[in-house]
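[1] Turn this into a structure:
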Amino acid sequence: MGNRVLVVDDEKLIVKGLKFSLEQEGFKVDCAYDGEEALQLARNTAYDIILLDIMLPKLSGMEVCQQIREYSNVPIIMLTAKGDDMDKIMGLEYGADDYITKPFNVLEVKARMKAVMRRLDPPKKGNPNLIVSGDIRMERDCKRLHICGKEINVTAKEFDVLELLVTHPDEVYDREKLLRAVWGADFPGDVRTVDVHVRRLREKIEPKASEPKYVCTKWGQGYYYKG
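    A predicted model of the protein is given here:
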């Protein structure tokens, strides 16, 4: 596979186990044990995906995620403590693409990583890379979004949500349907994940988030893109 991953956790046994297992799959693995070290590595290296624990010394995983999002759309999977729903929601708020609850099975970690990275693969032959609709211009292969000629920095998941809606104009997606389409049928999270991403997306792309022009709501039914 050859993809480069950054594993960040202050529990060295967890890092050691993940590093060994991922290297067996062909990943190139870098490791960090605190937030400052993670941020320095993320700034200096082009990673394909980051596994980021929330509870870290020096800088929390939330702070690291927030700062990375200021300059990069690299997929980030947060590692959260069991039952900490607020951590999961806050992780999504800060720009994480997914989360995995500790204790976890390494097979689940690898499956979730591959699922996220598949969505970043270049489109298959014959599938157009460029989406243009009104003010919106989307480049599928590199997940770049321009609106009215201005590049908007969105996460991979936010891009996927918008891409689905833009390519199906005026079709209403309820939260459960959006969750299945973007996160997959086996995603263990709930519909709050969709609400968080739609809210963050609106804050980035709408001239006025409270009066959306692109990602609209049909009350009692779901979300749609006004074509």
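
[2] who's in contact with the most centrally placed residue in the chain?
    Centroid-nearest residue in the chain: Asp97, 2.1 Å away (criterion: C-alpha atoms, centre = their mean). Counting by C-beta atoms under 8 Å, 6 or more residues apart in numbering, Asp97 makes contact with Pro75, Ile76, Ile77, Val116, Thr155, Ala156, Lys157. C-beta here means a position set from N, CA and C on the backbone, and glycine is covered the same way.

[3] cutoff 6 Å now
    Pro75, Ile76, Val116, Thr155, Ala156, Lys157 (C-beta atoms under 6 Å, 6 or more residues apart in numbering).

[4] And the strands in the protein, which stretches?
    With strands called from DSSP state E, the chain shows them at 4-8, 28-32, 49-53, 76-81, 98-102, 130-133, 136-139, 144-147, 150-152, 215-218, 222-225.

[5] If you count contacts, what does the fifth one end up packed against?
    For strand 98-102, the helices and strands in contact under the criterion 3 or more C-beta pairs under 6 Å, 6 or more residues apart in numbering; DSSP states H and E are strand 76-81, helix 106-118.

[6] Format the ones you listed as TSV; extra columns: distance to Asp190, mean pLDDT and mean neighbour count.
    Shown next, in TSV, are the helices and strands packed on strand 98-102 (distance: least, C-beta to C-beta, whole Å; pLDDT from 0 to 100; neighbours: other C-beta atoms under 10 Å):
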stretch	distance to Asp190	mean pLDDT	mean neighbour count
strand 76-81	14	89	23
helix 106-118	16	86	16
